[in-house]
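**Q** give me a 3D structure for the following:
(chains A, B and C)
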Amino acid sequence: MSKIPETLRYSDTHEWVEDLGGGRYRVGITDHAQELLGDLVYVEVPEVGKAIRGGEVCGVLESVKAAADLYAPVNGTVLERNDGLGDNPQWLNEDPYGQGWMMVVEADAAACAGLLDAVAYGKLAES
Amino acid sequence: MSASIFDHDHHFPGVELPSDIPAELLRKTPLNLPNPAELEVLRHYTRLSQQNFSIDTQFYPLGSCTMKYNPRIAHTMASLPGFARLHPDTPAPAMQGLLQVLWELQEWLAAATGMAAVSLTPAAGAQGELAGVAMIRAYHAARGDHGRRKMLIPTAAHGTNPASAQMAGFAVVEIPNLADGDLDMAFLDQHLGPDVAGIMLTNPSTLGVFERRIADIAARVHGAGGLLYYDGANLNAILGRVQPGQMGFDVMHLNLHKTFATPHGGGGPGAGAVAVQERLRPFLPLPTVGREGGGALRWVTEQELPRSIGRFSAHGGNIGVLLRAHAYLRRLGRVGVSRVSAYAALNANYLLKELQRVGYQAAFPERRASHEFILSVSDLQKATGIRALDVAKRLLDFGIHAPTIYFPQLVPECLLIEPTETESKATLDRFVAVMAQIRQEALEQPELLREAPHHLPVGRLDEALAARRLDVAAAQ
Amino acid sequence: MPYIPHDGLETAAMLAAVGVERLDQLFDEIPPTLLVHDMVLPEGLSEMALHRELEGRAMSNAPLRCFAGGGAYAHHIPAIVWEIAGRGEFYSAYTPYQPEASQGTLQVVYEYQSFITRLTGLEVSNASLYDGASGLAEACLMALRIQGGDKSILVPENLLPGWRRVLDSVLGLQNIRLVSVPYDRATGTLILPAEAGDAAALIIPQSSALGLLEPVDALTDWAHGHDLLAIAVVNPLALALLKAPGDWGTQGADIAVGEGQPLGIPLTGGGPYFGFLACRKAHVRQLPGRLVAKTVDGQGREGFCLTLQAREQHIRRGKATSNICTNQGLMVTAATIHMATLGGRGLQQTAVLCHERAALLRELLTAVPGVSLPYGGPFFHEFVLRLPQAAVAVRDALLGHGLLAGLPLADWGMGEAGDLLVCTTELLEEADLLAYRDALTSVLETL
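**A** Predicted coordinates for the structure are as follows:
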């Protein structure tokens, strides 16, 4: 059973969003997503300063046997990104909610409005 | 792992480089390649060959790949010095023997597929696909019909289909299959329109069953102004029995390395000849072989076929592969060709029934198998956690190559099995016995499967480490 | 029944197990209107009769001493090369998707990749493409992906015309413009382009279709100075002598691509050959085609597997780096064995011999009355000869002397009517060169 922390919000494309306050949000992929993909070997996260749009492709995830697009969960601008993932894509498998975070995005206060809570995401992941 | 060729090195004095080439154009760094003795080379690569599974040494029921016997006579014929030493720019009068072979092959492939014309030049199935969809694009453009940007492709299609369509500048629309394996006609109807260039299908489909409503599909696509592309990957299932031309297809490629028994060579070379209906003839890729009134043969070039989609390789394609396909077809003849699909279907349907008998579940139990069929081991996975991958790896321990696994993706935990017509009943019966034993093992000692293979030079490899470390060349 | 092992009893038993009486019934799901009843195909032949028929065809191709090059070269192939490459374990295996059962092919490809990286001076080589020309098209698409947003490629006018046609066909499908870079009609070598425009890369052939060596350092530096990638088009045998693309200019070329045929592949009328493609490690994710890596199994034993497969069509489908699937595996196996058999030293000796024989032939032929050299620059093993009569007619007349004398540039729409591109390899001995001179002298006197 994959982990779905209650404090986070989720997109239906399997990203999580953590509200850091002050219009800043940390983003990553869920435990369920990394289980589906298998051993990740490559990650492409948008550069700092780039504008991203919710629901649109903003990066790439590659595992040994699969390739997937990374979707932006919210509208915003990239403030920071986890550069360590370049050499350590396995962090996404080992610790998707911690060391495997992908980026911090600046967005407006309503950014999380359309996202799922842990219970709703849990149902999506099960189906 | 065997020793590396780089372990066999002897040191000789360097070679003096020519003085009439300016120094700034000559190598700056020494050429750091090994200098093994000939016997060391012979032993090294002979030993490496022994670490391969192959048709010549093992049963190889790899679905969608048609791993049939590659007759040795074809190799001997293609290696005749009169062919092997021929420079591609030899004037046509001095290469009539080769052109005769290629001309005949064009004619025979047209006859076998029910098409009007053939170009042999594409170097592989994927290049044939690219040439095929490029002809569809050129056909619409030549009629001033520029709005057709979409290519319809079943979700279960080979990955090369959408990749080729994309390379030819099309947007891909995926069409789902129904539970019985046939195409979703309602979805098709919804998406047909003046923006559709065509549809890419293989029949029998990648689900191992014949698309029964193909004539209806052809009528609807043609009615909407689109063309039908036939992916020849599964032609072995219908060779000599049903012609793609008669099913309503406008353009197709043939995988000569599948249906016409040329070797796979550990990943090529293949040959992906394309065949078309009359209205697409002006767009064929070049060169093709043409015949003068007096019987003399020559290469057809751009002057003669100005609307051609052009060239995809520097010369006439993978001629050596074409020579092998010609020898195979000539050896079989009309009667032999029509036996191919009959016995390919017999072997597949027999194997399916026998594997069901020992407990395996067919993905489409109510359907007749074509030349291949799909099993799903979802039941094993639910009962024991054993996956298709584990069954595949365990088969290797018995000296049998694994079937194709996890393709098509819409059947969970699937094995796609294609025995081909060249395997005997005894080989199939042994395969069934081994599969029965593996099923037993899965239920009683699942760890035996999970850790398989046990008897090969290496066990399951760490593919994540391979991709992360990316050691792709020996360090200097 | 050729290649079908079933006897009547076996067939009957199998049909019974399936639950049908006749083979035809296995096709009962196919609408009867689609079934064919006859096809115009010839009758089958016994193996003996087939052998006889094809031997006749093979022998009707005139045996010629080969002085033609233009991207396909007649070289000696040591006997062991195809003796081993033709072993069933290599010949009849599939693409190595099951690595545990394919370590032989996988290790061969890894060694091949290692050889190519050392010849080219670049870090990564793929497992091959169809041929040099289609490999160059893939290299251009790769450069466009790396650069992003650019829409054209700078293509020299002295690139082999057959290769240019492939670029037109493949790149044209994606509406990529090819901008021609002219060569100096006096020297035959490239003129530095005036501007880069919206190009992603400059193609630099070494040597060119005229057989001449280009000033690759200046061309590479020009490309980098204009933020273009430099794509080197090279002959792998010539790289035993010539500067490796990785050493061109101050930063080195970014991608090297070429026709692998000179490495142990018979001419066979034009194929199958193979294309090689090497690049910097930084660009590996944009590389088309298969790639083999070394790794370990669960017990720590070293082994090889395909890697970065997520770039490829069977996973990425419409978003793959290329549609390539099957490539030229057996040709790569032969080339690897060929390179190992010759060794680094043998490759260099062969390349030197090609050059020396070509230099000698050039000297012999330019002494024939009326024959001149339009370009005097350095060359590897091909050069253009200017004949006092149409090169096509001279080439055709020399067929009667058992010689394929070269390639008339007029066939390519290049140069003047008298221009003939002549190639010499180690296969041709001094006696062959003298025979060429004598035949040419006599043909020019009588034409």
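**Q** mind listing what the spatially most central residue of chain A touches?
**A** Here the mean C-alpha position of chain A is nearest to the C-alpha of residue A:28 (CA atoms, centre = their mean), at a distance of 2.5 Å. With contacts defined as CB atoms under 8 Å, 6 or more residues apart in numbering or on different chains, residue A:28 is in contact with A:15, A:16, A:92, A:96, A:97, A:100, A:101, A:102. Placement of C-beta: from N, CA and C, glycine included.
**Q** what do you get for residue B:362?
**A** Per CB under 8 Å, 6+ apart, neighbours of residue B:362: B:352, B:356, B:373, B:374, B:375, B:376.
**Q** need these in a markdown table (columns: distance to chain C, pLDDT and neighbour count).
**A** Shown next, in a markdown table, are the contacts of residue B:362 (distance: CB to the nearest CB, whole Å; pLDDT from 0 to 100; neighbours: other CB atoms under 10 Å in any protein chain shown):
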| residue | distance to chain C | pLDDT | neighbour count |
| --- | --- | --- | --- |
| B:352 | 8 | 98 | 26 |
| B:356 | 11 | 98 | 14 |
| B:373 | 12 | 97 | 30 |
| B:374 | 16 | 97 | 27 |
| B:375 | 16 | 97 | 25 |
| B:376 | 20 | 97 | 18 |
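**Q** next step: these restricted to strands.
**A** In strands, defined here by DSSP state E, the members of these are B:373, B:374, B:375, B:376.
**Q** and of those residues, the nearest to residue C:21?
**A** residue B:373 (20.8 Å; CB to CB).
**Q** I'd guessed that closest one sits against residue B:417; true?
**A** Yes. Judged on CB atoms under 8 Å, residue B:373 makes contact with residue B:417 at a distance of 6.0 Å.
**Q** next, show the common contact partners of those two.
**A** B:348, B:351, B:352.
**Q** list the contacts of the nearest residue to residue B:3 once chain neighbours are set aside.
**A** Nearest residue to residue B:3, sequence neighbours excluded (CB to CB, 6 or more residues apart in numbering or on different chains): residue B:44, at 7.0 Å. When contacts are counted by CB under 8 Å, 6+ apart, residue B:44 touches B:2, B:3, B:5, B:8, B:36, C:340.
**Q** chain center to the helix or strand containing residue B:44, what's the gap?
**A** Under the criterion of DSSP states H and E, residue B:44 resides in helix B:38-49. Counting by CA atoms, centre = their mean, to the nearest Å, helix B:38-49 is centred 29 Å from the centre of its parent chain.
**Q** mind listing what residue A:3 touches?
**A** Counting by CB under 8 Å, 6+ apart, residue A:3 has contacts A:31, A:97.
**Q** try it again at 7 Å.
**A** Applying CB atoms under 7 Å, 6 or more residues apart in numbering or on different chains, we find residue A:3 in contact with residue A:31.
**Q** what about it, which SS state?
**A** Assigned state for residue A:3: coil (three-state reduction, DSSP: H, G, I helix; E, B strand; the rest coil).
**Q** which residues of chain A lie near chain C?
**A** Within reach of chain C by CB under 7 Å from any CB of the partner chain, chain A has these residues: A:42, A:62, A:63, A:65, A:66, A:67.
**Q** the first one reaches residue A:89, doesn't it?
**A** Same thing as residue A:42. Yes. Contact status for residue A:42 versus residue A:89: in contact at 5.8 Å, counting by CB atoms under 7 Å.
**Q** quick one, which of the two is more surrounded?
**A** The neighbour comparison of residue A:42 against residue A:89 (other CB atoms under 10 Å in any protein chain shown) goes to residue A:89, with 21 against 18.
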